[in-house]
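> Next input, structure requested:
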Amino acid sequence: MEPQNNPVTPQLDVPMDLSQVLMPVWMDVVAFFQGLITPGWRQNQLLIIVGLFALAYLLRIVTEPMVENWARSREGWPKWRLRTLVQIRRRLVLIYFAIGAWFVFLTMQQLTWPSRSYMIGLVATLVTVWLFIAFAARVVRNRSLRRLLIWGLWIYATLHYLAVTDEVFTFLDSIAVEFGNFRLSVLTLITALVIVGALFTAARILSNLIAGSIRRNEDISPSMQVLGIKAVQAVLYAIAFFAAIEAVGFDLTGLAVLSGAIGVGIGFGLQKVVSNLVSGVIILLDKSIKPGDVISLGETFGWINSLGARYVSVVTRDGREYLIPNEDLITGQVVNWSHSNEFVRLDIYFGTSYGCDPHEVRKIAIKAAEDVPRVLISPNKPVCHIVGFGDSSVDYILRFWISDPTSGLTNVRGNVYLSLWDAFQANNISIPFPQREVRMLGDDDKAVAKALD
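Numbers count the residues shown, from 1 in each chain. Modelled structure (predicted):
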């Protein structure tokens, strides 16, 4: 009894006779090159194409410096126009060749038989399509993905206009891996990559358009804008992923049990990550923190730069950017200096000598604070109160309000102190400092002190 093959063993499905697939293509290639070496119009067209490429190269050498200098003089242009000029300068040879090839092709169509200019028209079409693909692919920002897209579309366009797509697709589909009832061919894999890339690119473009519309809506609060943008991105990318899987032909029902097991494992292993994600959603919903707010968390003081799915970006006055996990903002004590309004009260302490009139000191201190540009006079004016009688001075507190905490707190305090100093100097108000009396003991005093010891 012969052993049966295990149905779950992966098998590589390769055609037994590749010549059945490749022979027609090979015969066309051989016939094409035989036509090139045979004197006639096909050879003449090849010489015309080579001459057009040489002419385009010479034109590029002559005109590239002028194009570059003209592009450098366009300082006021938007960035997308300048980037387009850079792409045009890099592809001057192909642009000149396409223009020349189309001119020669259309001229020969009028003067001679169409078959005598077929190769020129084919090459002109291919070069034009290549240029269009190169410029259109600029919408993809990722450089590696953009290059992959360009080369993939170039190859497909070339095969399409050479009329060999069916043969190539048949060959790629014949190379496959079988796993039970599941079959994955090279053609299916390439198709999946193309569809996934196209759908994800479309989802990114659409999400950027919607995000721009949400940001321009002034009726939506900043926190809700961030939440709406994140939700739109998640929905669009999820739709793109599942649509791509379904378009390729994969059955998602078979992955339900596996995805459930993986989800449980991820839930235990990524508790902190999930906690931060949930905390980020809570922060966006309760509007306790929004971009632009000034907060204090421990020793970190700065303003909210952006709200992420996992962390909050806080920029301090010294230019440092702290990425604080969302969970810390939910479970810890956070001081939001601009939660309900942007008004912030600051206190500074100072002292004057006992010989100064405290009534005058209070008036002068209030006037000095009001002279600082960032200090508010309305709705709350600066106030000054006596808080105690110290060993060497009468102690005061000066309270004032500001409405722009994002501009810094230490600098406005320093400006108020400087204004106080100038006002005290102008009104002869002294700021005392601790004084100590030191007595030098003589011999008699030393003896008395020793006896007392």
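> Helices of the stretch 201-350 of the chain, start to end?
222-248, 256-269, 271-286, 326-331 (DSSP state H, counting those that start in this stretch).
> hey, least reliable of these by pLDDT?
Mean pLDDT is lowest for helix 256-269 among these, at a mean of 58.
> Tell me the spacing between the closest residue to L153 other than its chain neighbours and P65.
In space, and not counting its chain neighbours, L153 is closest to I133: 4.6 Å by C-beta to C-beta, 6 or more residues apart in numbering. Glycine gets a C-beta too; all of them are placed from N, C-alpha and C. Using C-beta to C-beta, to the nearest Å, I133 is found at 27 Å from P65.
> Which one's more surrounded, these two?
Neighbour count, other C-beta atoms under 10 Å: between I133 and P65, I133 has more, with 17 against 9.
> which residues does the more buried one contact?
I150, L153, W154, A157 (C-beta atoms under 8 Å, 6 or more residues apart in numbering).
> Just give me the neighbour total for the last one.
Meaning A157. A157, neighbours per other C-beta under 10 Å, totals 17.
> Help me confirm that it is found in a helix?
Yes. With DSSP: H, G, I helix; E, B strand; the rest coil as the criterion, A157 is assigned to a helix.
> Got the confidence number for it?
Looking at A157, its pLDDT reads 80.
> just the third one next, same as before
In the prediction, the pLDDT value recorded for W154 is 77.
> Spatially nearest residue to it (excluding sequence neighbours)?
W130 (5.7 Å).
> Quick check: mean pLDDT of the helix or strand containing the one you found?
Assigned by DSSP states H and E, W130 belongs to helix 118-136. Per-residue pLDDT values over helix 118-136 give a mean of 83.
> And that helix, what's buried?
Within helix 118-136, the residues scored as buried using 16 or more other C-beta atoms under 10 Å are 119-131, 133-134.
> And stretch 307-323, by the same measure?
L307, G308, R310, Y311, V312, S313, V314, Y322.
> Output the below-cut-off pLDDT ranges for the stretch 251-400 of the chain.
For the stretch 251-400 of the chain, the stretches with pLDDT under 70 are 251-271, 273, 286, 338-341.
> On the three-state scheme, V375 is what?
V375 is classified as coil under three-state DSSP.
> backbone phi and psi for it, please?
For V375, the backbone dihedrals are phi -80, psi 130 (criterion: degrees, to the nearest 10).
> ditto for V372
phi -80, psi 130.
> count of neighbours near the closest residue in space to it that isn't next to it in sequence?
Using C-beta to C-beta, 6+ apart and skipping the chain neighbours, the partner closest in space to V372 is N415 (4.9 Å). N415 has 16 neighbouring residues, counting by other C-beta under 10 Å.
> Also the one 5 residues further on?
The burial count assigned to L420 is 24, neighbours taken as other C-beta under 10 Å.
> Same check on I366?
When neighbours are counted by other C-beta under 10 Å, I366 comes out with 18.
> for the residue nearest to D173 when sequence neighbours are not counted, what are its contacts?
Leaving aside its sequence neighbours, D173 sits nearest to L187 (C-beta to C-beta, 6+ apart; 4.2 Å). Counting by C-beta under 8 Å, 6+ apart, L187 makes contact with F169, L172, D173.
> ok and the helix or strand harbouring L187 relative to helix 222-248, angle-wise?
L187 is part of helix 186-216 when elements are defined by DSSP H and E. Going by axes from the mean of the first three to the mean of the last three C-alpha atoms, to 10 degrees, helix 186-216 is angled at 160 degrees with respect to helix 222-248.
> which SS class is the residue most central in space within the chain?
Taking C-alpha atoms, centre = their mean as the criterion, R141 is the residue nearest the geometric centre of the chain, at 10.2 Å. Classification of R141 by three-state DSSP places it in coil.
> ok, it to V274 distance?
R141 is 29 Å from V274, by C-beta to C-beta.
> do the same with L323
In terms of C-beta to C-beta, L323 sits 18 Å off from V274.
> Equivalent analysis for G319, please.
G319 is 32 Å from V274, where distance means C-beta to C-beta.
> Check W77 too.
Going from W77 to V274 by C-beta to C-beta gives 47 Å.
> Start and end of stretch 367-375, how far apart?
11 Å (C-alpha to C-alpha, to the nearest Å).
> got the buried residues for that stretch?
For stretch 367-375, by 16+ other C-beta under 10 Å, it's A368, A369, V372, V375.
> Now render those as JSON lines, adding distance to A234.
Converted to JSON lines, the buried residues of stretch 367-375 look like this (distance: C-beta to C-beta, whole Å):
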{"residue": "A368", "distance to A234": "54"}
{"residue": "A369", "distance to A234": "50"}
{"residue": "V372", "distance to A234": "47"}
{"residue": "V375", "distance to A234": "45"}
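> picking up where we left off before, could you export the contacts of L187 as TSV, including neighbour count and pLDDT?
As requested, these are arranged in TSV below (neighbours: other C-beta atoms under 10 Å; pLDDT from 0 to 100):
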residue	neighbour count	pLDDT
F169	16	74
L172	17	73
D173	17	72
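> Among these, name the ones in helices.
F169, L172, D173 (DSSP state H).
> tell me which element F400 falls in.
Going by DSSP H and E, F400 is part of strand 394-402.
> Tell me what angle the helix or strand just after that strand forms with strand 394-402.
Per DSSP H and E, the first helix or strand lying C-terminal to strand 394-402 is helix 410-426. Here the directions of helix 410-426 and strand 394-402 differ by 130 degrees (the same axes, to 10 degrees).
> what bits of the stretch 51-200 of the chain have low per-residue confidence?
76, 114-115, 179-184.
> Okay, the closest residue to V168 other than its chain neighbours and A198: tell me how far apart.
Computed as C-beta to C-beta, 6+ apart, the closest residue to V168 that is not its neighbour in sequence is L159, at 5.6 Å. According to C-beta to C-beta, L159 and A198 sit 18 Å apart.
> and G351, that's in a strand?
Yes. Applying three-state DSSP, one finds G351 inside a strand.
> can you tell me which residues contact the nearest residue to it once chain neighbours are set aside?
Closest residue to G351 apart from its sequence neighbours, by C-beta to C-beta, 6+ apart: S393 at 3.1 Å. With contacts taken as C-beta under 8 Å, 6+ apart, S393 has the following neighbours: G351, T352, S353, Y354, I431, P432.
> Tell me which two in these are the farthest apart.
Maximum pairwise distance in these, criterion C-beta to C-beta, is 12.1 Å, between Y354 and I431.
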